[in-house]
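A.B. asks: Quick one, structure for this:
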Amino acid sequence: MTAPAESGRPTGPLSGIRVIDMTTVLMGPYASQMMGDMGADVIKVEAPEGDLIRQIGPARHDGMGPIYLNANRSKRAITLDLKRPEGRAALLRLCEGADVLVCNVRAKAMKRLGLAYEDVAAVNPRLVYAGMYGYGQDGPYAARPAYDDLIQGGAALPYLFSQVNDGKPRYVPSAIADRVVGLAAVGAILAAIIDRGRTGLGQKVEIPMFETMVSVVMGDHLGGLTFEPPLDGGGYRRHLSPGRRPYQTSDGYICALIYTDSHWQRFFAAIGRQEMPAADPRFQTFASRMANVNEVYDELSAILLTRTSADWIALLDEADIPVMPMHDLESLLRDPHLVETGFFQMADHPSEGRIRTMAVPSKWSRSAVGPSRHAPLQGEHSTEILREAGFTAEEIAALVAGGVVTCAPGAAV
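C.D. replies: Residues are numbered from 1 along each chain as shown. Model (predicted):
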């Protein structure tokens with residue numbers, strides 16, 4: 001991998017957009033990293049204690065854990081004590097020249113800091129103020145704290161697991177709510193920037209975790225509850241089939257989806273059972289397969305046990321039927337498609353040494369998209385950012401001496 005450019009301004013479709021990033025942990029940092037990879041100048045604002053996510057996972061140095069590294073590249077970092085009047089004033093000066101402020105601090109806390117939308121809009125009416133909250137701010141849950149686990153539960157994901165496994169609910173073993181809502185936030189922020197281009201005015205945009213995840217889950221599972229009176233108790237039958245899982249083969253597992261009528265016809269022809277699916281009403285049409293989905297999955301599971309994973313992948317590929325290996329975390333690094341496309345790349349981080357990073361998944365024919373900076377040390381760019389905002393050397397020195405601003409060890413003051 002070519003090391004991210006550490007000098008000059010980022011390039012890309014969002015070049016020229018400055019984002020003040022007051023988010024912590026994962027949902028907000030993931031969103032702002034995507035904007036940074038697309039060329040935005042993202043300024044990560046941390047409290048003196050730092051972003052908690054810095055401490056998660058194995059690390060070579062304190063505060064530089066892997067989840068932090070993989071959610072905070074393409075950013076610069078400043079440490080400000082926003083509970084001090086001087087820190088609040090410094091942030092507002094940064095907002096004067098910014099396009100976006102994104103935060104996942106609860107609205108009441110932002111108001112106590114004097115950084116509610118009205119306070120920030122007073123210094124920059126063109127600013128897009130993106131609040132990433134646990135819950136919509138017009139409902140009774142508005143002030144509640146929220147984390148990925150809580151939102152998964154509230155959006156019925158553990159319940160859905162309980163319906164297809166051993167009856168016990170569990171969470172998706174990934175911060176799926178944080179990631180999905182982060183993606184939704186990027187779309188909402190960029191739409192607000194487009195609107196500002198037409199109107200000349202910024203606005204407050206709220207992106208709630210709960211409502212966003214409910215819309216994602218219930219898009220599949222509202223089912224008969226879509227209608228009034230309801231036609232059933234909700235749920236997408238195929239997704240809730242216990243047989244919807246990776247298929248065991250004679251030596252491992254594969255992931256296959258034999259879905260359309262032509263898929264099934266080609267599958268049975270490939271295994272020498274040309275009389276199917278015409279001979280079995282359960283397999284004849286999409287509707288009949290959905291009506292008998294458990295039996296269909298059970299029959300297919302029995303068939304796939306008879307050959308090796310490599311044999312089935314070759315056969316299904318040849319028949320143009322969707323199939324993938326079931327990776328573990330290490331084998332994923334060796335996936336031939338990801339190797340060929342260069343998705344996992346090696347980089348030399350200034351403080352962390354050799355690290356593995358991931359490419360931006362989207363491809364652009366004209367714009368340069370990709371990481372512009374390594375994930376920063378806490379306070380690595382504090383003085384640089386303040387100078388750009390018009391602070392004098394004397395003002396910066398006073399803020400540092402007073403503990404309002406913190407710099408990374410060795411950083412110039």
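A.B. asks: Can you list the buried residues in the longest helix anywhere in the chain?
C.D. replies: Longest helix in the chain by number of residues, with DSSP state H as the criterion: helix 176-199. By neighbour count with 16 or more other C-beta atoms under 10 Å, helix 176-199 contains the buried residues 176-182, 184-186, 188-190, 192-193, 196. Where C-beta positions appear, they are placed from N, C-alpha and C, glycine not excepted.
A.B. asks: go on, stretch 78-85?
C.D. replies: Counting neighbours by 16+ other C-beta under 10 Å, one finds that the buried residues in stretch 78-85 are 78-82, 84.
A.B. asks: picking up where we left off before, can you name every helix or strand that the longest helix of the chain contacts?
C.D. replies: Helix 176-199 makes packing contacts with helix 27-37, strand 100-103, strand 128-133, helix 148-154, strand 204-208, helix 209-221 when contacts are defined by 3 or more C-beta pairs under 8 Å, 6 or more residues apart in numbering; DSSP states H and E.
A.B. asks: could you point out which element follows the second one?
C.D. replies: Past strand 100-103, further along toward the C-terminus, the next helix or strand under DSSP states H and E is helix 107-112.
A.B. asks: Kindly report the same for the last one.
C.D. replies: Sequence order places strand 247-248 as the next helix or strand after helix 209-221, per DSSP H and E.
A.B. asks: who's in contact with that next one?
C.D. replies: Outside of strand 247-248, the residues that reach it under the criterion C-beta atoms under 8 Å, 6 or more residues apart in numbering are 253-256, 300-301, 304-305.
A.B. asks: which one of those is nearest Leu115?
C.D. replies: Cys255 (46.4 Å; C-beta to C-beta).
A.B. asks: Which helix or strand contains the closest one?
C.D. replies: Per DSSP H and E: Cys255 is located in strand 253-256.
A.B. asks: Other residues contacting that strand?
C.D. replies: When contacts are defined by C-beta under 8 Å, 6+ apart, strand 253-256 is touched by residues 246-247, 304, 309, 312-313, 316, 321-326.
A.B. asks: need the helices and strands packed on helix 176-199 in CSV with distance to Glu340, mean pLDDT and mean neighbour count, can you?
C.D. replies: Listed next are the helices and strands packed on helix 176-199 as CSV, based on distance: least, C-beta to C-beta, whole Å; pLDDT from 0 to 100; neighbours: other C-beta atoms under 10 Å:
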stretch, distance to Glu340, mean pLDDT, mean neighbour count
helix 27-37, 21, 98, 27
strand 100-103, 35, 98, 26
strand 128-133, 35, 98, 26
helix 148-154, 33, 98, 20
strand 204-208, 35, 98, 21
helix 209-221, 31, 98, 18
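A.B. asks: how about those in CSV, adding distance to Ala393?
C.D. replies: Written out in CSV, the entries for those read as follows (distance: least, C-beta to C-beta, whole Å):
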stretch, distance to Ala393
helix 27-37, 28
strand 100-103, 26
strand 128-133, 31
helix 148-154, 43
strand 204-208, 35
helix 209-221, 42
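A.B. asks: Show me the one of these that comes nearest Ile355.
C.D. replies: With C-beta to C-beta as the measure, helix 27-37 is the member of the helices and strands packed on helix 176-199 nearest Ile355 (14.9 Å).
A.B. asks: which residues are contacting the helix or strand just after the closest one?
C.D. replies: Taking DSSP H and E as the definition, the helix or strand that follows helix 27-37 towards the C-terminus is strand 41-46. Surrounding strand 41-46, the residues in contact under the criterion C-beta under 8 Å, 6+ apart are 9-10, 16-22, 24, 29, 32-33, 35-36, 51, 72, 74-80, 82, 91, 94, 98, 376, 378-379, 381, 385.
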